[in-house]
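Engineer: Task: produce atomic coordinates for the following.
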Amino acid sequence: MPRPWIRNPHVQTILGCLKIRSLGGHPMLECAREMIIEVGHGVRLLGYHSQQSSLRSRSLIALIHGWEGSSDSTYVLSSGKYFYEKGYDIFRLNLRDHGDSHHLNEGLFHGALIEETFQAVHSISRLSDNKPYHVIGFSLGGNFALRIAVRHSFSEIPNLRQVIAVSPALDPYKATLSIDESRSIYRYYFLNKWKRSLRQKQLLFPDKYDFGGILKVRTCMGLTEAVMPYFPDFKTYKEYFDQYTLREDFFSGLAVPVTIIASHDDPIVSIGDIRALKETEHLRISLQPYGGHCGFIDFFPFRCWYEGEIERILRRSEETS
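Structural biologist: Next up is the predicted model:
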């Protein structure tokens, strides 16, 4: 229940991205070690590992950013700092073509690239030193985290204890429409970052990519449709979106505790899809009245609600294990 004057969902969403969240000393960044993770078929992903200086961490947390975010996104840095100061080791993973990683792979990023992300998260588990291992994803990263949780049921990740998704986009098609149809600030933000990413890819691999024509498209859905020829595995953009749309039956085989944290007033994610889910032995849903998209910010004192809530979930998990 944030203060009334910041309950507006757009205010919450914007506050969640402000750099004020990660101001001040940042011991997690001071000890961060860059790592390139080989995930098979020549694919490499970039990440940063911050280990407790005492070498006696409580457990390891892998953080997965959202679409066109990175390991240096404000919400990732803020959460990483919070949990590092609570005694956790932190690994901030970049999805393909996010952060400073465009040069690592010739192929383009798309949301259905779950296998390489799963293999990266699996490899990161080796850094836990047999301690509990948790995965936290935000927005599209939350979608990836949920798919990783399901894959864990038939391809076990060592020491995985909790998977938590904050404002996850269960239906990426609806989320893309929301971005295009909502206030122009969201469309401008995501579209410009995506176009910048494509320009960077073209600069690095000029013999493979020429995005000159499609970069004039003015909507995220339009650009999605225009870029489909570079993804021959999908006949249409709807078939592509369907590959990572998470419906209720998707969660039936969970073998690890999963928590979804979302708000009723999320301006990007279709909250009806989350409300339609039923809690099970392994699936818990925390729906809050306010919070926007990956916001959940309050003032006096300044805090991010989901950081404290996630810590309580992890503590309970560690105490009962």
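
Engineer: ok, for Y240, nearest residue in space, not its chain neighbours?
Structural biologist: The shortest distance from Y240 to any non-neighbouring residue, by CB to CB, 6 or more residues apart in numbering, is to F234 (4.0 Å). Every residue, glycine included, has its C-beta placed from N, CA and C.

Engineer: How many residues are close by that neighbour?
Structural biologist: Residues contacting F234 under the criterion other CB atoms under 10 Å number 16.

Engineer: Check T176 too.
Structural biologist: T176: 23 surrounding residues under other CB under 10 Å.

Engineer: Assumed it was part of a helix.
Structural biologist: Yes - checked against DSSP: H, G, I helix; E, B strand; the rest coil, T176 lies within a helix.

Engineer: coming back round to it: Y244 is in contact with the residue nearest to Y240, correct?
Structural biologist: No - counting by CB atoms under 8 Å, F234 stays clear of Y244, with 11.1 Å between them.

Engineer: list the residues that contact both of the two?
Structural biologist: Taking CB atoms under 8 Å, 6 or more residues apart in numbering as the criterion, F234 and Y244 both touch A112.

Engineer: Return the residues in contact with the closest residue to E281 other than its chain neighbours.
Structural biologist: Distances taken as CB to CB, 6+ apart place L254 nearest to E281, at 8.0 Å, with adjacent residues excluded. Contact analysis of L254 by CB under 8 Å, 6+ apart lists 149-150, 153, 280-283.

Engineer: repeat for M1
Structural biologist: Under the criterion of CB under 8 Å, 6+ apart, the neighbours of M1 are 289-290.

Engineer: From R7, how far off is it?
Structural biologist: 8 Å (CB to CB, to the nearest Å).

Engineer: anything in contact with each of those two?
Structural biologist: By CB under 8 Å, 6+ apart, the residues touching both M1 and R7 are Y290.

Engineer: Now the residue nearest to Y240: phi and psi?
Structural biologist: For F234, the backbone dihedrals (degrees, to the nearest 10) come out as phi -120, psi 130.

Engineer: could you measure it against H110, distance?
Structural biologist: For F234, the distance to H110 - CB to CB - is 8 Å.
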